[in-house]
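Peer 1: Return atomic coordinates for the entry below.
(one chain, ligands or ions: 1)
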Amino acid sequence: MRLHAIRADITTLSVDAIVNAANSSLLGGGGVDGAIHRAAGPELVAECRLLGGCKTGEAKLTRGHRLLAAYVIHTVGPVWRGGEHGEPDLLADCYRNALALAERHRLRRIAFPCIGTGIYGYPLQAAARIAIDTVLAHTGTGIEEVVFCCYSEADLAVYAGLLG
Ligand code: AR6
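Peer 2: Predicted coordinates:
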């Protein structure tokens, strides 16, 4: 499995699936969620309405509609409340469940944003460590490439440091 970090707008990536850092309604919001819904068009929220929401740490699949990516994997990160409320496990669940879902649908190239580290407040360094460790621990064989899509140069520097 190839693993790398880039700086980009995730809505521009041509991969099998981009991951959305959504909220539990799956009906859109700000941040990367808003950007993905704008780029995918109104068909995305229409499809999301059929999914019945998504619990924190879970992942659900839709088509990518007007995106270059064929699919969107929606997951919901934990709201940071100091780190003693199960946040690390819930964040790891986001990565684990997104990868498992990708694999079930034979999706080989997948891009993640920095889930939970924007509006939900998860400290970036700690979140990046969990993201990388969880992806590396993924034992399935179907995924060929994982892209950590950072929106800022500062976030990319953290990932680059951890990835070596
Ligand atoms: N491409 C890649 N990354 C982006 C983009 C983009 N176009 N836009 C923002 N980011 P956030 P969260 C980065 O707040 O913390 C929404 O309202 C951003 O810089 O999008 O999980 C949802 O509906 C940050 O590094 O997600 C939820 O209510 C990362 O994406 C809530 O926000 C995640 O920041 C979820 O909060």
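Peer 1: Give me every residue in the protein lying close to the ligand.
Peer 2: 9-11, 21-23, 29-33, 35, 77, 113-120, 149, 151, 155 (C-beta under 6 Å from any ligand atom). No exception for glycine: its C-beta is placed from N, CA and C like everyone else's.
Peer 1: Go through stretch 42-50 and flag the buried ones.
Peer 2: Residues of stretch 42-50 classed as buried: 44, 47-48 (neighbour count, 16 or more other C-beta atoms under 10 Å).
Peer 1: Show residues contacting it.
Peer 2: The contact list for stretch 42-50 (C-beta atoms under 8 Å, 6 or more residues apart in numbering) reads 26-28, 36-37, 62-66, 72, 74.
Peer 1: when you check these against the helices, which ones overlap?
Peer 2: Among the contacts of stretch 42-50, the members found in helices (DSSP state H) are 36-37.
Peer 1: Now the buried members of the contacts of stretch 42-50.
Peer 2: Here the buried ones among these, as counted with 16+ other C-beta under 10 Å, turn out to be 26, 28, 36-37, 62, 64-65, 72, 74.
Peer 1: on that earlier part again, out of the residues of the chain next to the ligand, which end up buried?
Peer 2: The buried subset of these (16+ other C-beta under 10 Å) comprises 10-11, 21-23, 29, 31-33, 35, 77, 113-118, 120, 149, 151, 155.
Peer 1: sorry, back to before: let's have the buried ones among the contacts of stretch 42-50 in a markdown table, adding pLDDT.
Peer 2: Compiled in a markdown table, those are given as follows (pLDDT from 0 to 100):
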| residue | pLDDT |
| --- | --- |
| L26 | 98 |
| G28 | 96 |
| I36 | 99 |
| H37 | 98 |
| T62 | 98 |
| G64 | 98 |
| H65 | 98 |
| V72 | 99 |
| H74 | 99 |
